[in-house]
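> following is a predicted model, sequence given first.
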2 protein chains.
Amino acid sequence: MFSIEKKGKGLARAGVIKTIHGDIQTPAFIPVGTKATVKALSPEQVKDLGAQAVLANTYHLYLEPGSPLVAKAGGLSKFMHWSGPTFTDSGGFQVFSLGVAFGKNISKFSDTPQLEEEKEDEESEHVRLAKVTEEGVTFRSHIDGSNHELTPERSMEIQHELGADIMFAFDEFARPAAELSEHRAAMERTHRWAKRCLDAHTDAKNQALYGIVQGGRSEELRKESARTLAKMEFDGFGIGGTFTKKDLVLTLDWINTELPEEKPRHLLGIGEPEDLFIGVENGIDTFDCVAPTRMGRNGSLYTKRGKINIQNSKYASLLEPIDEGCDCYTCSNFTSAYVAHLFRGKEMLAATLASIHNLHFVVTLVAAMRRGILEGTYQSLKDSFLGAYQG
Amino acid sequence: MFSIEKKGKGLARAGVIKTIHGDIQTPAFIPVGTKATVKALSPEQVKDLGAQAVLANTYHLYLEPGSPLVAKAGGLSKFMHWSGPTFTDSGGFQVFSLGVAFGKNISKFSDTPQLEEEKEDEESEHVRLAKVTEEGVTFRSHIDGSNHELTPERSMEIQHELGADIMFAFDEFARPAAELSEHRAAMERTHRWAKRCLDAHTDAKNQALYGIVQGGRSEELRKESARTLAKMEFDGFGIGGTFTKKDLVLTLDWINTELPEEKPRHLLGIGEPEDLFIGVENGIDTFDCVAPTRMGRNGSLYTKRGKINIQNSKYASLLEPIDEGCDCYTCSNFTSAYVAHLFRGKEMLAATLASIHNLHFVVTLVAAMRRGILEGTYQSLKDSFLGAYQG
């Protein structure tokens, strides 16, 4: 399903992932459509901004509308009217971040402010509500508090019903603040669950299954996890858990020198421009992240000079595009002043135009990295981009 | 600017309004884009659903972002990236309904429940905050409570800056519950203001100006208003104020037998399917109304059998389009179950898909009436539509 076209700097490579819904030219940024919709966008708008695939969340779709309905509708792609490839995550991260923490924001980075909140809260009732056993995880819905259980087999069954082209093995997500021993236990259980996922995935020939590398911030665990999963019959790999932002390079290097070169690798939940460069150089093929759309809805927009907040008063009368030279739908047709006006008026089109711009920005950036690898101009692209961009 | 192609039943006629931004084939339903955006839709989505023009609200755009900015951006059409014809209302209705009543919902029909609320509230502080003099109306912004004044001349100046193809004279809107004498006084002032608007509108050759017929529910006043305005040099006429729903036929007949046949007539704020038939048969050429989009955002959707609420549990698993046979974008690509799922999940795409469907429904219905007039099949269209539709 995956072939490498050309290798670049470090572990970087340009390749193609083939699915029955079309090809994904990698490296690629994959927009998130949590509940089978990329927030505020029509599928055509997602396609037009350059996205090749979308990633939906198994946890959310399991709770609503339920995977049997999605199956009856012809699968995720048909249900949401997205003709390209689709991914579903395993539900693991959300079970722990939403089902356990009841809506609390767990960051993918362990050195962000959210971590502090998590640390303080780790003994709270919410955390104790999640019950992890060898069989699986019992959790309460963040929507209505009802009780549910996800196991590796159940995650596979749900993902088979959702019918995405690429699915992920069910993993245990250790709290960022956990001790090494707890990270080891979660990792080892993730490996046993990975085996159970593979055993439950023998019939779905059109759906690829990725194993998820865990191990937190530990070199020993990350390498062991990558080596263990590398020996299994996965079609590709997801890199899960949390990282310290400054150790992202190291962590990815530990993992991706162990993973088999010929299989695709997906970095879960990372999407800031600087991190995308780090990911690509360290062997990542696909990324997903809610940041571009979530930030967009708050008026935080990417530009070549860094992020701006369109609600800042200086944009209220600026009759120029958000990012000069950007060829997205928003910048091609609307001024900063118009977008700012929509935000001030709390108009829904504000979220649409901001999400299009931000997603186009990251999708296009990663596509440019791909071209850089193919044409040998990656380093000059990176120097030029990061020289102008104030993150 | 207006030519009649064919006359139909009663006062019905099919025609064409010519503007420098394109033609409007009438009768036509014009979607409302209050703040220079049709809520939840991109301009392309508005165009694709069949809309020929949009109507924006002068009151809102005056407050935010201000008409000088819109002028500097090249006018309303360019500012909002809508290449077709545009209308702006006079600000009159909003000054009274929002500026005076501070967000309270004033219905266009005087026999709806809103009227009762209005009656009870008529002595409230809000109402007393609006000060109408011969010069104009002093009012407080519904956004921040700041003081403003609109006069006929100021409304013209603002509408010239907004630059819509069709603009309306500034009128006084009498409270639905007002006595006949109050309606007469408001009407007579509207006529004096109409003259001032015309006097202030000598330079704007590409912008048509419509006078607004007032007079409430009184035959005497409506006829007098229509006769008086008919003698003035307006390019067309708007029919404003409130009606009793059961007297809509009569009221329009009183007015439109007095208005000159060769000029276009716009019915302000009316959009229910049954009322659109009444409007067309009684000589209306264009309609605008927020109902299709407002209802859509609440999940209330038009179908050939009447309105449904998509949030009703029976639609949660219905893998059929919202309205069988409907060729709108929503019905062509999504199931009722998917739209219901988006509403349950509070996803913005829910509002988008619902608004597209509802606007397409009324735009297409009025376009079918036009075809009916041209092809002599109006009555069979009406019988067939109203036979199935339970309003």
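Thanks, I have the structure now. Just so we're clear, the structure is a prediction, and the values are computed from it rather than from any experiment. Numbering: from 1, shown residues only, chains lettered A, B, ... in the order given.
> mind telling me which residue of the stretch 101-250 of chain A is nearest chain B?
Nearest residue of the stretch 101-250 of chain A to chain B (C-beta to the nearest C-beta) works out as residue A:143 at 9.2 Å. To be clear about C-beta, it is placed using only N, CA and C from the backbone, and glycine gets the same treatment.
> list the contacts for that residue?
Taking C-beta atoms under 8 Å, 6 or more residues apart in numbering or on different chains, we find residue A:143 in contact with A:63-64.
> how many neighbours does the nearest residue to residue A:274 once chain neighbours are set aside have?
Among residues not flanking residue A:274 along the chain, residue A:391 sits closest, at 5.2 Å (C-beta to C-beta, 6 or more residues apart in numbering or on different chains). Number of residues near residue A:391 (other C-beta atoms under 10 Å in any protein chain shown) recorded here: 9.
> doesn't the residue of the stretch 101-250 of chain A closest to chain B belong to a helix?
No: secondary structure of residue A:143 (DSSP: H, G, I helix; E, B strand; the rest coil): coil, not part of a helix.
> hang on, the earlier thing: ok, the residue nearest to residue A:274 to residue A:278 distance?
With distances taken as C-beta to C-beta, to the nearest Å, residue A:391 is found 12 Å from residue A:278.
> what's the answer for residue A:236, then?
Counting by C-beta to C-beta, the gap from residue A:236 to residue A:278 is 19 Å.
> who in the stretch 201-350 of chain A is up against chain B?
Counting by C-beta under 8 Å from any C-beta of the partner chain, the stretch 201-350 of chain A comes close to chain B at A:316-317, A:319, A:333-335, A:337-338, A:340-342, A:344-345, A:347-349.
> of the residues you listed, just the buried ones, ChimeraX syntax please.
Buried members of these, defined by 16 or more other C-beta atoms under 10 Å in any protein chain shown, are picked up in ChimeraX with:
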select /A:316,317,333,334,335,337,338,340,341,342,344,345,347,348,349
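> the residues of the stretch 201-350 of chain A next to chain B in strands, which ones?
Of these, none are assigned to strands by DSSP state E.
> show me what contacts the residue nearest to residue A:274?
A:272-274, A:306-307.
> closest to chain B among those residues?
Closest to chain B, out of all of the contacts of residue A:391 and judged by C-beta to the nearest C-beta, is residue A:307, at 22.0 Å.
> in this structure that closest one contacts residue A:300, no?
Yes: counting by C-beta atoms under 8 Å, residue A:300 is a contact partner of residue A:307 at 5.5 Å.
> show residues contacting stretch A:256-265.
A:1-2, A:4, A:11, A:13, A:15, A:17, A:26, A:210, A:213, A:223, A:226-227, A:229-230, A:234-239, A:282-286.
> and the end-to-end length of it?
8 Å (C-alpha to C-alpha, to the nearest Å).
> could you give the mean pLDDT of that stretch?
Averaging pLDDT along stretch A:256-265 gives 97.
> that stretch: which residues count as buried?
Under the neighbour-count criterion of 16+ other C-beta under 10 Å, stretch A:256-265 has A:256, A:258-259, A:263-265 buried.
> centre of the chain to that stretch, how far?
18 Å (C-alpha atoms, centre = their mean, to the nearest Å).
> and chain A, what are its domain boundaries?
Using automatic domain parsing, the domain parsing of chain A gives A:2-289, A:301-391.
> tell me the secondary structure for residue A:31?
strand.
> tell me how far it lies from residue A:184.
As judged by C-beta to C-beta, residue A:31 and residue A:184 stand 34 Å apart.
> more neighbours, the two?
Neighbours per residue (other C-beta under 10 Å) separate residue A:31 from residue A:184, with residue A:31 holding more: 26 against 20.
> check contacts around the more buried one.
A:38, A:46, A:51, A:54-55, A:288, A:292-293, A:359, A:363.
> could I get the residues you listed as JSON lines with secondary structure?
Shown next, in JSON lines, are the contacts of residue A:31 (three-state DSSP):
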{"residue": "A:38", "secondary structure": "coil"}
{"residue": "A:46", "secondary structure": "helix"}
{"residue": "A:51", "secondary structure": "coil"}
{"residue": "A:54", "secondary structure": "strand"}
{"residue": "A:55", "secondary structure": "strand"}
{"residue": "A:288", "secondary structure": "strand"}
{"residue": "A:292", "secondary structure": "helix"}
{"residue": "A:293", "secondary structure": "helix"}
{"residue": "A:359", "secondary structure": "helix"}
{"residue": "A:363", "secondary structure": "helix"}
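> the stretch 1-150 of chain A: helices as residue ranges?
Along the stretch 1-150 of chain A, counting by DSSP state H, counting those that start in this stretch, helices occupy A:43-48, A:58-63, A:67-72, A:76-79, A:92-94, A:113-121, A:125-129.
> by mean pLDDT, show me the worst of these.
Across the helices of the stretch 1-150 of chain A, helix A:113-121 gives the lowest mean pLDDT, at a mean of 36.
> and residue A:284, how many residues sit next to it?
Neighbours of residue A:284 (other C-beta under 10 Å): 27.
> who's in contact with it?
Residue A:284 touches A:27, A:239, A:252, A:256, A:265-267, counting by C-beta under 8 Å, 6+ apart.
> out of the contacts of stretch A:256-265, which sit inside strands?
Those of the contacts of stretch A:256-265 lying in strands (DSSP E): A:2, A:4, A:13, A:15, A:17, A:26, A:210, A:213, A:236-239, A:286.
> most neighbours among these, please name it.
If you rank the ones in strands among the contacts of stretch A:256-265 by neighbour count (other C-beta under 10 Å), residue A:213 sits at the top with 34 neighbours.
> contacts only, for that residue.
A:222, A:225-226, A:229, A:237-241, A:255, A:259.
> residue A:74 now?
Per C-beta under 8 Å, 6+ apart, neighbours of residue A:74: residue A:163.
> can you list phi and psi of it for me?
phi 100, psi 10 (degrees, to the nearest 10).
> quick one: least confident helix or strand in chain A?
helix A:113-121 (a mean of 36; mean pLDDT, DSSP states H and E).
> secondary structure class for the residue nearest to residue A:207 when sequence neighbours are not counted?
Nearest residue to residue A:207, sequence neighbours excluded (C-beta to C-beta, 6+ apart): residue A:167, at 5.6 Å. Three-state call for residue A:167 (three-state DSSP): strand.
> likewise for the one 4 residues further on?
When states are read from three-state DSSP, the local structure at residue A:171 comes out as coil.
> hmm, residue A:89 and it touching each other?
No: checked against C-beta under 8 Å, the pair residue A:171 and residue A:89 is beyond contact range at 9.6 Å.
> surely residue A:248 meets residue A:277?
No: Residue A:248 lies out of contact with residue A:277 (C-beta under 8 Å); the separation is 10.3 Å.
> sorry, back to before: out of the contacts of residue A:31, which is nearest to residue B:155?
Checking the contacts of residue A:31 against residue B:155 with C-beta to C-beta, the nearest one is residue A:293 at 39.9 Å.
> contacting residues for that closest one?
Residue A:293 neighbours (C-beta under 8 Å, 6+ apart): A:31-32, A:38-41, A:355, A:358-359.
> what helix or strand is residue A:371 located in?
Secondary structure from DSSP states H and E places residue A:371 in helix A:348-375.
> likewise for residue A:384?
Judged by DSSP H and E, residue A:384 forms part of helix A:378-388.
> that helix to helix A:348-375, inter-axis angle?
Using axes from the mean of the first three to the mean of the last three C-alpha atoms, to 10 degrees, the direction of helix A:378-388 lies 140 degrees away from that of helix A:348-375.
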